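[1] here is a sequence together with a model predicted from it:
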Amino acid sequence: MITLSSARSLLLGGAFLALTSGGAAAQTATDNSPKFQFVPYVRLDAGYAFSDKAGGNIVTGSGFGNDFGKGFAGGGGIGVKLAKSGALTVRFDVTGATTPSLSSTHTGSLTDGTAIAARVKADNTTILGNLYADIDTGWAITPFIGVAVASAHNKVKTLTFTNAAGAFGQVLGSSTTATAWSVTAGGSYPVTTNLIIDLGYRYTDAGSISTGTSFTDLTLRSPKTYTLDNPIASKLKFNQVYLSARISF
């Protein structure tokens, strides 16, 4: 059975092999010297994202524990085709991507066995610098691979902890900015000379996401706020299947 982690390893390995073998194949062609281009384009993206499990334990504060859920992902950007060498075409774009409505319930138990839960709502906005290689196979669909470095803005809303009796505490939400990276692979289909449709998969490590350090005890007649030693923090990693329309000029 192929897991997500093994699929990502295959994706990275395939990206390297495609670049190296594609370059070698290009060198055996009649003329493999790079032909520099400047073909600008805009792109619009829409897709569906689902997050990896965060790790840790939300009860002890060592992490969020469960995954952050799934939801719509969208974005867009501008780019340019840079060069063609044999079977490879290199392009670069800058995109903004957002996953605005991740949500899931995280559960655990106290040392006395009392079950508690917290609804975690998070969102992510990422600015990515993407470098792609389109691999001309002679088919109607052109495979592509890509890598990106990015800046991610991750936000988690205030957590409300509940037990059988109701809400008993809140941890203030927070926003963080982190360095991120992603890998992607997919296929492109030219609808017209100037319109290309991409169907792809992207894995993104968006860096750290964390709460604030203010805890409010709601069991008191007059709720009292305390300062936690550390925020609840985990890595935000998610998978995305997306459809993109590229319009060139």
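    Happy to help now that I have it.

[2] need the next SSE after the helix or strand containing Phe161, C-terminal direction.
    Using DSSP states H and E, Phe161 falls within strand 159-163. Using DSSP H and E, the next helix or strand after strand 159-163 towards the C-terminus is strand 166-171.

[3] can you give me the pLDDT of Thr3?
    pLDDT recorded at Thr3 is 55.

[4] over to Thr211?
    With respect to pLDDT, Thr211 has a value of 97.

[5] is it in contact with Lys157, as I believe?
    No: contact criterion Cβ atoms under 8 Å: Thr211 and Lys157 do not qualify, at 9.2 Å. For glycine as for every other residue, the C-beta is placed from the backbone atoms N, C-alpha and C.

[6] so what sits against both of the two?
    The contact sets of Thr211 and Lys157 overlap at Gly173 (Cβ atoms under 8 Å, 6 or more residues apart in numbering).

[7] this protein: helices as residue ranges?
    According to DSSP state H, the chain carries its helices in the segments 4-27.

[8] re earlier: got a list of contacts for the strand holding Phe161?
    With contact meaning Cβ under 8 Å, 6+ apart, strand 159-163 is reached by 58, 114-120, 167-171, 173, 211, 232.

[9] quick check: angle from it to strand 166-171?
    Counting by axes from the mean of the first three to the mean of the last three Cα atoms, to 10 degrees, strand 159-163 lies at 150 degrees to strand 166-171.

[10] check contacts around Trp181.
    147-150, 204-205.

[11] then Leu236?
    Taking Cβ under 8 Å, 6+ apart, one finds 51, 54, 68, 122, 124, 152, 154, 205-209 in contact with Leu236.

[12] redo that, cut-off 7 Å
    51, 68, 124, 154, 206-207, 209 (Cβ atoms under 7 Å, 6 or more residues apart in numbering).

[13] swap in Leu218?
    Taking Cβ under 7 Å, 6+ apart, we find Leu218 in contact with 167-170.
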